[in-house]
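Novice: For reference, the sequence and a predicted model appear below.
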Amino acid sequence: MNDKHDEQPICPWCHTEIVWDEEIGPERNCPHCDNELSGYRTLTLGGAEPDDELDDEIEGESDLEDDTWDEDETRDLSDLRPYNRDQLALEETMARILDEQLEAPECPSCREFMLEAGTQIITQEQFKPRTPAALGETIVSTPFQLQLYVCPSCFHTQNRLSVQDQERLVQLLTKAVDLED
């Protein structure tokens with residue numbers, strides 16, 4: 001007995017086996033990485049038969065599988081993602097910028113690497129510090145610097161404490177532990 005659910009699909013993004021719930025049916029998104037699992041992006045191992053829905057798509061695309069093109073035939077290529085010279089130039093420029101950066105955080109929204117846009121210096125006039133009782137002094141003291149990162153795909157921005165201020169914070173927290181002992 002070879003049931004099509006005996007062979008579990010593998011997520012092409014995180015390479016995790018997708019286990020289907022018999023009552024709910026196939027997953028639309030990977031429960032581990034939340035990427036889409038439908039259509040051409042899904043990899044099913046073991047030669048399982050495609051779903052009925054996929055059969056309809058495959059039947060409708062049979063003319064695209066034909067290797068010969070009739071001279072009078074016009075193909076609709078509007079579904080294909082345009083990948084032109086501008087896109088290649090954009091990706092090349094982003095790669096060069098990322099190579100220059102000390103850090104390249106991942107965008108929390110779309111998981112693309114973020115580009116370092118600059119440094120913001122926070123002065124006493126711009127910041128009202130909080131002094132935790134456990135520490136006895138402020139976590140960061142002015143002036144301090146924040147690195148601004150921007151995502152080139154979804155334009156999400158993110159701030160990160162500068163490396164020098166990160167080191168100062170670690171020293172401060174370590175000193176507080178030494179004072180308790």
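Specialist: Happy to help now that I have it. Numbers count the residues shown, from 1 in each chain.

Novice: pLDDT weak spots in this protein?
Specialist: Across the chain, the ranges flagged by pLDDT under 70 are 1-7, 38-83, 178-181.

Novice: cutoff 80 now
Specialist: For the chain, the stretches with pLDDT under 80 are 1-16, 18-29, 31-84, 176-181.

Novice: Surely R160 and Q147 touch.
Specialist: Yes - assessed by C-beta atoms under 8 Å, R160 is found in contact with Q147 at 4.9 Å. Bear in mind the C-beta positions are built from the backbone N, C-alpha and C, glycine included.

Novice: Find residues that contact each of the two.
Specialist: E103 (C-beta atoms under 8 Å, 6 or more residues apart in numbering).

Novice: More neighbours: which of the two?
Specialist: Q147 (21 against 16; other C-beta atoms under 10 Å).

Novice: could you pull out the helices for the protein?
Specialist: 52-60, 62-65, 85-100, 163-180 (DSSP state H).

Novice: helices or strands up against the longest one?
Specialist: The one in question is helix 163-180. If contacts are counted by 3 or more C-beta pairs under 8 Å, 6 or more residues apart in numbering; DSSP states H and E, helix 163-180 sits against strand 144-150.

Novice: contacts for the strand it packs on?
Specialist: For strand 144-150, using C-beta under 8 Å, 6+ apart, the contacting residues are 103, 105, 114-122, 127, 156-162, 164-165, 168.

Novice: Pull out the buried residues from those.
Specialist: With neighbours counted using 16 or more other C-beta atoms under 10 Å, these contain these buried positions: M114, L115, E116, I122, Q158, R160, L161, S162, D165, R168.

Novice: Burial check on the residue lying closest to the fourth one once chain neighbours are set aside, number of neighbours?
Specialist: Going back to what we said before, that points to I122. Spatial nearest neighbour of I122, excluding adjacent residues (C-beta to C-beta, 6 or more residues apart in numbering): F144 at 5.4 Å. By other C-beta under 10 Å, 21 other residues sit near F144.
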